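Enquirer: sequence and predicted model, in that order:
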Amino acid sequence: MSATLPSPRPAHTDAHRHALAARTAKRDAALAIGIDAAFISDLVDRFYAAVRDDALLGPIFATRIADWPTHLGRMKAFWSSVLHNSGTYSGSPMRKHLAIPGLDRTHFDRWLTLFRATLDGLARDPAAAPHVEERARMIATSLLNAIVINRDGLAAAQGLEDF
Ligand code: HEM
């Protein structure tokens, strides 16, 4: 009786191929409107320069971030994961923001205002700023929802408006 050898597993399953294609399509769509690695790097550098100068947000970061190069590197990996699906970021932004006492809509409004201004100063393709801003607004909305639910309960979050 001869043993049956398992057939070799194909290097890429259909699901894997599909995931790779989706990742590439997302990155290519961003690249087509000028959102490349250099754009993401400039965006993060300029945005956090503005944040550090801001009277409302600056102190929140100043007391929590000792090593700015590391934070900026992490934020570039984050935005590359969001905008290019690169998978280069792993972390728990939700937990980090829940741990900052007193964050509310005012802070998120200011964050988004500075982010928008930075984007507008940087983007050359008219489609680039709205594309990135949309992602930032969605993430800001889920962070604020989580903060309010955590602090004041689900009922309090029911009346929240999206950014
Ligand atoms: C109210 C506005 C915000 C404030 C004051 C704020 C503040 C901070 C601070 C202080 C940290 C460092 C936390 C630590 O290392 O202990 C941090 C990390 C981070 N923030 Fe925010 N943030 C705000 C909004 C946002 C928004 C809207 C996004 C995304 C669109 C975002 C994405 C991140 C990410 C990805 C990290 C890194 C988490 C990690 O992996 O360590 N933040 N933020």
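Expert: Structure received.
Enquirer: could you use CA atoms for every contact and neighbour count after this?
Expert: Fine.
Enquirer: I'd like to know which elements whichever helix or strand Leu72 is part of is packed against.
Expert: In this structure, Leu72 sits in helix 68-84 according to DSSP states H and E. Under the contact definition 3 or more Cα pairs under 8 Å, 6 or more residues apart in numbering; DSSP states H and E, helix 68-84 sits against helix 14-32, helix 37-53.
Enquirer: most tightly surrounded among those helices?
Expert: Mean neighbours per residue, mean count of other Cα atoms under 10 Å, is largest over the helices and strands packed on helix 68-84 for helix 37-53, with a mean of 17.
Enquirer: tell me the helix or strand right after that one.
Expert: By DSSP H and E, the next helix or strand past helix 37-53 is helix 58-62.
Enquirer: so which elements touch the lowest-mean-pLDDT helix or strand in the chain?
Expert: Ranked by mean pLDDT, DSSP states H and E, the weakest helix or strand in the chain is helix 14-32, scoring a mean of 89. Under the contact criterion of 3+ Cα pairs under 8 Å, 6+ apart, helix 14-32 touches helix 68-84.
Enquirer: quick check: buried residues in the helix it packs on?
Expert: Residues Arg74, Met75, Lys76, Ala77, Phe78, Trp79, Ser80, Ser81, Val82, Leu83, His84 are the ones in helix 68-84 that count as buried (16 or more other Cα atoms under 10 Å).
Enquirer: circling back to that earlier point, residues in contact with the helix holding Leu72?
Expert: For helix 68-84, contacts defined as Cα atoms under 8 Å, 6 or more residues apart in numbering pick out 23-24, 26-28, 30, 37, 40-41, 44-45, 48, 65, 86-90, 132, 135.
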